[in-house]
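Asks: okay, sequence plus prediction incoming.
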Amino acid sequence: MRRAFGVPATFDACAGFVHDGGGKVGVLMVPAWGLEEFTIRRGWAAFADRLADAGYCCLRFDWPGAGDSLGDAGSIESLETWRDALRAAATFLRVNRGIEKLVLVGHGLGALMAAHSTENLLADALVLMAPQNEGRAGLRELDVWSKMIGSFLRLPLETSENSINVAGHFLSKSLAAEISALRLGHAPRPLPVLAMLPPGTRAANEWPARLATAGFAVTAVDYAAHEDFVTYSRASTPPAGDFDEVLGWLADTVPPGAKAGAREPVAAAALKGTGFAETPLLFGKGGSLFGILCRPTTRASRAVVVFVNSGDNYHIGWARMHVEFARSLAQQGIASLRIDTGGIGDSHGVDRPLFYDEGQIGDVLEAVTAVERMGLGPVLVSGRCSGGYAAVQATVRDPRIRGVVAVNPPRLALGPDETFEQVISGGTSSLADYRRRALSMKTVKEVLAGIPLSTLLREANKIVKALLAQRLRRFAGPCRLTRTVREQADALHARGVVSFLILAENDAGRDELVRHFGDRPAADYENAVVRIVPDAEHNMTARHARKAILNGVVDAVAAIERQSVRLSAA
């Protein structure tokens, strides 16, 4: 039986997944980049599954310097690195899966790259979904989008002479310059192209004529649900109708062909970098859950950290921080497993992503079981936001866990009757921060600058709801939930669990700490090491904030080692 969300694959420096429907036509899914890829990850995987259901053999992969692939896009200077990855991916499909025809399906920047790779890859058809514009216009759109996202999420402004930054995803300016220099030449054959273009955009006006002039046989259609798919202000919604359009066009243009005999998946080899090796890992019942195991290569492992999803961010972490952490930790002799729990990223499908949910805690414990069997040292768990809550609660439940590093958890425990909607209604900023935002002159400036009134009303409604929810929690006084949290903290302390709380200075996690343990200096909390990070937002996007998390994990491992030495000497 084919695994939902694909079978892990690696080639050259790239990580990916094969979704093999058995046919002789391969679909190379050329990925978007940065926050767009991060946002549509699960929907893109579900699309690959649908293509496989129709009989196609799909390969989706991460660009070098992105996702789980090796490198850092901020330091990749030549577009040839990405062209090499495309060639390697096409070769993987032809050699390892025996395909006879190749279709390129690209999204965003991936669609732009696909349009410029058809002849190089000997493609038989092309699907472009919301392709980034050629030239400087495409990069200007990327820059504007990054500023909009930064404003909406209140991200710190990080500038660099050498790279473009979109919500913590960096692209070197030399690579960006080569991308902006791409221009379609004349196609030597009238390759069939389906162009799915967001209505009313510059791309919708320009791409059909550009492709036709180059000699492609173009079918242009509206990409009706594009905005809901790539949105950064709410959960991404896969565009089922638009996927149907692609499937119908492919069936008419390049049908998958008769299914071949059973094709065994090729075991994914480890990707090796300086001081680390990474291997995809399927775990849990029937291999339904997915993670990347990162091990040290130059020394024995001192400990192993399980990194838990925050919200519906997939296993690389916001701004790819879990990849950054894992590789740095391995160089210091600390192994890690960055995971997707149920309904998130590349793990099995459920009705919704599981967070603030017993199911997610159970998935974390499945990961603990997987790494404990490997003998990599004491086990720690770490997560941010809802992942911090899951990390704390998994630690409460499982005595095998020796340490926990929770980052900005808005809640440390839940009441028995609390709903998910009640949990998230309090938002992620502190009460004081919401009050400042509500009274800020910035709102007036934004009105004068032309921000739509509907947008401001939505933001105001969000702030009012959060203020009310947090006030109700803060002034509820001593209650059963507070007793539960304190009892859990005492139990962890009695077990000798090393507990770290890393909190942005204006985060809701600080209110949660004060609610249950009182307002005091960070150094005065007895049952955990509490560290406050200045000038950081909830996502901890800034470099210094990510560094504070990494330091917390390293220090937690060192504390466990000191504890072990004391116990041995006793």
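Replies: Noted; the coordinates are in hand. Not measured: the values here are computed from a predicted model.

Asks: helices along the stretch 401-550 of the chain, start to end?
Replies: Counting by DSSP state H, counting those that start in this stretch, the stretch 401-550 of the chain has helices at residues 420-425, 431-439, 442-448, 453-474, 480-495, 508-517, 543-569.

Asks: where does pLDDT dip in the protein?
Replies: Within the chain, the set of residues satisfying pLDDT under 70 comprises 1, 142-161, 233-234, 261-262, 353, 426-427, 429-478.

Asks: okay, now the domains of it?
Replies: 10-253, 271-419+477-569 (automatic domain parsing).

Asks: any idea how far apart the tips of the longest one sit?
Replies: Start to finish, the residues bounding domain 10-253 are 29 Å apart (Cα to Cα, to the nearest Å).

Asks: ok, now the shortest one?
Replies: Domain 271-419+477-569 has an end-to-end distance of 40 Å (criterion: Cα to Cα).

Asks: correct me, but residue 120 touches residue 82?
Replies: No - if you go by Cβ atoms under 8 Å, residue 120 and residue 82 don't touch, sitting 11.7 Å apart. Placement of C-beta: from N, CA and C, glycine included.

Asks: which residue of these two possesses the greater neighbour count?
Replies: Neighbour count, other Cβ atoms under 10 Å: between residue 120 and residue 82, residue 82 has more, with 24 against 11.

Asks: so what's the closest residue to that one other than its chain neighbours up against?
Replies: Closest residue to residue 82 apart from its sequence neighbours, by Cβ to Cβ, 6 or more residues apart in numbering: residue 63 at 5.9 Å. If a contact means Cβ atoms under 8 Å, 6 or more residues apart in numbering, then residue 63 has 14, 31, 33, 69, 73, 82, 85 as its contacts.

Asks: helix/strand/coil for residue 63?
Replies: Using DSSP: H, G, I helix; E, B strand; the rest coil, the secondary structure recorded for residue 63 is coil.

Asks: now residue 176: how far from residue 70?
Replies: As judged by Cβ to Cβ, to the nearest Å, residue 176 and residue 70 stand 20 Å apart.

Asks: likewise for residue 279?
Replies: Taking Cβ to Cβ, one finds residue 279 at 13 Å from residue 70.

Asks: overlap in contacts, these two.
Replies: Contacts common to residue 279 and residue 70, judged by Cβ under 8 Å, 6+ apart, are residue 271.

Asks: returning to that earlier point: between which two of the contacts of residue 63 is the distance greatest?
Replies: Within the contacts of residue 63, 14 and 33 form the most distant pair, 13.7 Å apart (Cβ to Cβ).

Asks: other residues contacting stretch 562-570?
Replies: 378, 496, 498.

Asks: quick one: which of those residues has the most company?
Replies: residue 498 (25 neighbours).

Asks: now do the same contact list for it.
Replies: Contacts of residue 498 (Cβ under 8 Å, 6+ apart): 380, 402-404, 529, 556, 559-560, 563.

Asks: alpha carbons only: can I get stretch 134-141 in CSV?
Replies: C-alpha atoms of stretch 134-141 as CSV (Å, rounded to 0.1, in the frame of the first residue of the first chain):
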residue,chain,number,x,y,z
GLU,A,134,10.3,37.4,-14.9
GLY,A,135,12.8,40.1,-14.3
ARG,A,136,13.0,42.7,-11.6
ALA,A,137,9.2,42.9,-11.4
GLY,A,138,9.2,39.4,-9.8
LEU,A,139,11.8,40.4,-7.2
ARG,A,140,9.9,43.6,-6.5
GLU,A,141,6.8,41.6,-5.8
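
Asks: helix, strand or coil for residue 219?
Replies: strand.

Asks: can you name the residues bridging to it?
Replies: Per DSSP bridges, the residues bridged to residue 219 are residue 194.

Asks: what about it, how many neighbours?
Replies: 17.

Asks: does it touch residue 192 like I think?
Replies: Yes - in terms of Cβ under 8 Å, residue 219 counts as a neighbour of residue 192; the distance is 7.4 Å.

Asks: how about residue 228, phi and psi?
Replies: Phi and psi for residue 228, reported as degrees, to the nearest 10, are phi -70, psi -20.

Asks: shift numbering so it begins at 6
Replies: Done: numbering now begins at 6, and the last item shifts to residue 233.

Asks: correct me if wrong: it contacts residue 244.
Replies: Yes - judged on Cβ under 8 Å, residue 233 makes contact with residue 244 at a distance of 6.8 Å.

Asks: what ranges do the helices span in the stretch 56-205 of the chain?
Replies: Under DSSP H, counting those that start in this stretch, the stretch 56-205 of the chain gives helices at 85-102, 114-120, 140-158, 178-185.

Asks: chain center to the shortest one, what's the gap?
Replies: Right, helix 114-120. 21 Å (Cα atoms, centre = their mean, to the nearest Å).

Asks: what's that helix in contact with?
Replies: 34-39, 41-42, 87, 91, 109-111, 128, 131-139, 143, 184, 187, 189, 198, 216.

Asks: could you rerun that using 7 Å?
Replies: 35-38, 87, 91, 109, 111, 131, 133-137, 139, 143, 187, 189 (Cβ atoms under 7 Å, 6 or more residues apart in numbering).

Asks: now, of those, which are buried?
Replies: Among those, those buried by neighbour count (16 or more other Cβ atoms under 10 Å) are 35-38, 87, 91, 109, 111, 131, 133-137, 139, 143, 189.

Asks: show me what contacts the closest residue to residue 535 other than its chain neighbours?
Replies: Nearest residue to residue 535, sequence neighbours excluded (Cβ to Cβ, 6+ apart): residue 527, at 4.2 Å. Counting by Cβ under 7 Å, 6+ apart, residue 527 touches 535-537.

Asks: fine, thanks again, bye for now.
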